[in-house]
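**Q** Next come a sequence and a model predicted from it.
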Amino acid sequence: MKKRQILYLAGGLLVILALNLLGNFVYHRFDFTSDKRYTLSDDTKDLIDGIEEPLIIKVYLEGEFPAEFKRIQTETKQHLEELSSRNIMIKFKFINPLTKTTELIEKGLQPSKLSVQEDGQVSQAIIFPWAVVEYKNRTENVSLLSSAPAASQEEQLQRSIENLEFAFTDAIYKVSKEQKSSIAVLKGNGELEDIYLFSALKKMGEYFHLAEFTLDSVKSDPQKTLDDLKKFDLAIIAKPSVKFSEDQKYVLDQYIMNGGKTLWLIDNIYAEMDSLMATGQSIAFNRDLALTDLLFSYGVRINYNVAKDLYSGSVRLATGNSGDQTQFQDFPWNYFPLIFTQSNHPINTNLDPVLLKFPSTIDTLQNSIQKTILLQSSPSAVGIGTPTEIALEEIALKPSKESFTQSDLIFGVLLEGSFNSAYSNRTKPVRLNADKQTSVTNQMIVISDGDLIANETLRGEPLPLDKDKWTGKPYGNLQFLLNATQYLTGDQGIMALRSKTIKLQFLDKERAYQEQTYWQWLNIILPILLLLVFGFIYNFIRNKRYGG
């Protein structure tokens, strides 16, 4: 009998040893969560599979934290374990930030102050929700706490955990990608000045190579102009104000026929707040850019009108004086539609409202091109033909819903397919080699508001595009533009990670505090009772079997 037990014990040990040895060669993690929160996306897998040198991730979430924020620490660790198990070149370590507070702040890693409710008491806690990714002498900071507006800290925590995979994948992408896509920012036709493009181009510069490009040399050497433009993956046309010549349009057309992507941000009418604020009234009139036939051939038409929407942004106006201080107030301004995107495409998913200024409407035309509406009005909007007078005194008039009789007016559309040249069966303005009548499968985005990309300024300095100049309210303009450029240049996978959702269950703090004593006693007494019941059953069975 004793010999048999020894054999069983030895056999069990051998099985455990064999399983451990096998585990060194065969490894797999199983994700049984309903939302697959621990399953990496294919794009993340492809990215980390390409890491060939040590990649170090430093996470400043070591130490004591409020219980609810332990979730971020735990979820971050589990995600990094998943990355490390996929590629042994990825190493991570958790560091107590309290030993490096000054150093972290100097690097731009600002602490966050959190309200913590425990035992019915509310207190403040300071944490550094940051990680730093290091690879080949390049570093990238990763914010682990979502900055998006949230109704509560629980919702902020939810968004932060949902954003973990994107945050780390995005940072790894930035430090590891050797060849970045290139973007041409067109100049020479009265496009926006650099100071108004600063916020957008600064963000895009983290992902792409950017360069100014003019079409001035078209007349002297159109072929070289086209060849130079073809070196860029994407061309951005940001609020031109000077008419395009046929030579320039033809080069742009052939750039598109040869696979070049385009992002059009076009103001078809002239209406600016500067002139309106100076005089109190202004005339919105048509701006002739000579682009109608070009865009028409691709499947869209930007109308000569200006749209108003009941769901709108605001303008700040002086309303009087208090002593020697001027008093200001924000007023709704229906010419600034606030677009709540439909999340029908990765470009416009999970965005804050996008602010437009004096946009025109877009018509989509019947052809073989696939069209996806990215920006559209609320159900209460209207398009007003131009020229038309716009006066600041409209602010004092209470808007009537009966005046906003149109819905879902289009302001932004993605076009995908094989485009027909605008110069098919037409006399060519200049001679180009290998003129093409149709394009390869291609993409472009047309937006009927150039101000979507224009940041405001204050005392000659550019302001962030993703916040209101006066109120600080968040706007989705910057993220929309980044999503659009990433999609057009082929980085759709990383962008799609932003829409990942995770279901979390949160503790009811008020109920937990009220029932604290009950649960404490239950946790003490229940295990003892279970142990007594188990002991009684065990002795009863033993006595019955061996008591004889």
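**A** Perfect, thanks for sending it. Residues are numbered from 1 along each chain as shown.

**Q** Contact partners for the residue found closest to Leu365 once you drop the neighbours it is linked to in the chain?
**A** Nearest non-adjacent residue to Leu365, counting by Cβ to Cβ, 6 or more residues apart in numbering: Gly299, 5.0 Å away. In this view, the C-beta of every residue, glycine as well, is placed from N, C-alpha and C. Applying Cβ atoms under 8 Å, 6 or more residues apart in numbering, we find Gly299 in contact with Thr364, Leu365, Asn367, Ile369, Lys371, Leu415, Phe419.

**Q** Restricted to strands, list these.
**A** Among these, DSSP state E puts Thr364, Lys371, Leu415, Phe419 in strands.

**Q** measure the nearest residue to Phe244 once chain neighbours are set aside to Val413 for me?
**A** Of all residues not flanking Phe244 in the chain, Ala290 sits nearest, at 5.1 Å (Cβ to Cβ, 6+ apart). Per Cβ to Cβ, to the nearest Å, Ala290 is found 20 Å from Val413.

**Q** Where do the helices of the stretch 201-350 of the chain begin and end?
**A** With DSSP state H, counting those that start in this stretch as the criterion, the stretch 201-350 of the chain has helices at 222-229, 246-257, 273-279, 292-298.

**Q** Sorry, slip of the keys, the one I care about is the stretch 51-200 of the chain.
**A** 70-86, 101-106, 153-162, 164-176, 194-204.

**Q** quick check: longest helix of the protein.
**A** In the chain, with assignment by DSSP state H, the single longest helix is helix 516-546.

**Q** With Ala238 as the reference, name the closest of the helices of the stretch 201-350 of the chain.
**A** Nearest of the helices of the stretch 201-350 of the chain to Ala238, taken as Cβ to Cβ: helix 246-257 at 14.0 Å.

**Q** Domain boundaries for the chain, per the record?
**A** Domain ranges of the chain: 28-176, 182-490, per automatic domain parsing.

**Q** Make a markdown table from the helices of the stretch 51-200 of the chain and add mean neighbour count, mean pLDDT and distance to Ile48 to it.
**A** A markdown table is the format used below for the helices of the stretch 51-200 of the chain (neighbours: other Cβ atoms under 10 Å; pLDDT from 0 to 100; distance: least, Cβ to Cβ, whole Å):
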| stretch | mean neighbour count | mean pLDDT | distance to Ile48 |
| --- | --- | --- | --- |
| helix 70-86 | 17 | 89 | 6 |
| helix 101-106 | 12 | 84 | 26 |
| helix 153-162 | 19 | 75 | 19 |
| helix 164-176 | 21 | 89 | 7 |
| helix 194-204 | 19 | 96 | 24 |
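
**Q** Let me have those helices in a markdown table, adding distance to Thr139 as columns.
**A** Formatted as a markdown table, the helices of the stretch 51-200 of the chain follow (distance: least, Cβ to Cβ, whole Å):
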| stretch | distance to Thr139 |
| --- | --- |
| helix 70-86 | 17 |
| helix 101-106 | 13 |
| helix 153-162 | 21 |
| helix 164-176 | 7 |
| helix 194-204 | 18 |
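
**Q** For the residue most central in space within the chain, report the pLDDT, please.
**A** For the chain, the residue whose C-alpha lies nearest the mean C-alpha position (Cα atoms, centre = their mean) is Gln479; its distance is 4.5 Å. On pLDDT, Gln479 comes in at 92.

**Q** what's the answer for Phe506, then?
**A** Phe506 is given a pLDDT of 47.

**Q** Can you find the helix or strand of this protein with the lowest average pLDDT?
**A** helix 509-514 (a mean of 54; mean pLDDT, DSSP states H and E).

**Q** Show me the helices in the stretch 351-500 of the chain, by range?
**A** Going by DSSP H, counting those that start in this stretch, the stretch 351-500 of the chain shows helices at 477-488, 492-496.

**Q** Just the endpoints, please. Distance across stretch 337-356?
**A** Separation of the first and last residues of stretch 337-356 by Cα to Cα, to the nearest Å is 5 Å.

**Q** Which positions within it qualify as buried?
**A** For stretch 337-356, burial by neighbour count (16 or more other Cβ atoms under 10 Å) applies to 337-341, 346-356.

**Q** follow-up on the earlier one: would you turn the domains of the chain into a markdown table with distance to Lys544?
**A** Formatted as a markdown table, the domains of the chain follow (distance: least, Cβ to Cβ, whole Å):
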| stretch | distance to Lys544 |
| --- | --- |
| domain 28-176 | 40 |
| domain 182-490 | 64 |
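
**Q** Please work out which of the ones you listed is packed deepest.
**A** Highest mean neighbour count of the domains of the chain: domain 182-490, a mean of 18 (counted as mean count of other Cβ atoms under 10 Å).
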